[in-house]
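# this is the structure alone, sequence omitted:
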C-alpha cells in the first residue's frame, strides 16, 4: 500500500512565525545531576514505593527512567540544591535503582554507581543495582564496580576482571583515565509485620 501523505492546505500559516523555535537536541543533554535515596514501608506495594520516593524528595516529579550514560561536562550538585531546581509535575530524567520485599527481615538494597573520566569532554557511566541479601557497602561497591568497568572498557583500559574491586579501584587511580568512582545506596531490612518495604537510589538530571 502507498504511504499516507497529508493533503496540502491553503490555510494561513502566519501564526507559525510566532511559535517558539524548535528545541536544539543539545538542550536535552543535562548539565547537572544530583543523587538521592529513600526508604518506604506500607501494607500496599505501590504506597511503599511512593513513600520511598517521598523520602528521596522526588515523589512530586514525573519521572522518566533513562539508561546509564553520564553526560560530558555534567556537574554533580548537592541534593538540596538539586531539589530546589525542579518543580512539581516536572518531567525529569532519572537513573533509578529499586528493590522491594514483603518478606519479614529480608535484607534489600538499591544502589547507583558512578564512574567519571578524567577527560571531562568524554562521557562516563552510571549503573543501577538491585540487591537482595547484600549490605549497603557490598551493594554500593558492586554498583561502583559496574560503572567503572563499563567506563574502563570504553576507554580501552586493560584489566583483569577476576581481580577484587579494591585492587581494581587502585588501578583506576594509577591509570589516571578514570577521575572518580562513587555510589549512592539505600538498604533496609524487610518490615517484621510483612508490610512492603521499598528502597530507591537515584541519579536525577537537571538542565
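Done, it's in. Remember, it's a predicted structure, so these values are computed and weren't measured experimentally.

# list the contacts of the nearest residue to residue 75 once chain neighbours are set aside.
With CB to CB, 6 or more residues apart in numbering as the criterion, residue 75 has its nearest non-adjacent residue at 5.2 Å, and that residue is residue 32. No exception for glycine: its C-beta is placed from N, CA and C like everyone else's. Shown in contact with residue 32 (CB atoms under 8 Å, 6 or more residues apart in numbering): 74, 75, 76, 77, 82, 85, 205, 206, 207.

# and the worst-scoring helix or strand of the chain on mean pLDDT, what does it pack against?
Using mean pLDDT, DSSP states H and E, helix 165-175 stands out as the lowest-scoring helix or strand of the chain, at a mean of 79. Packing partners of helix 165-175 (3 or more CB pairs under 8 Å, 6 or more residues apart in numbering; DSSP states H and E): helix 136-155, strand 178-189.

# could you pull up the residues touching the residue nearest to residue 70 when sequence neighbours are not counted?
Nearest-residue entry for residue 70: residue 124, 3.5 Å, with adjacent residues in sequence omitted and distances by CB to CB, 6+ apart. Contacts for residue 124 (CB under 8 Å, 6+ apart) come out as 69, 70, 74, 114, 115, 116, 117, 147, 151.

# show me what the mean pLDDT comes to for the one helix or strand residue 97 maps to.
Assigned by DSSP states H and E, residue 97 belongs to strand 91-101. Per-residue pLDDT values over strand 91-101 give a mean of 98.

# list the buried residues in that strand.
Neighbour counts over strand 91-101 (16 or more other CB atoms under 10 Å) mark 92, 93, 94, 95, 96, 97, 98, 99, 100, 101 as buried.

# which of these lies closest to residue 163?
Nearest to residue 163 out of the buried residues of strand 91-101 is residue 97 (CB to CB; 24.7 Å).
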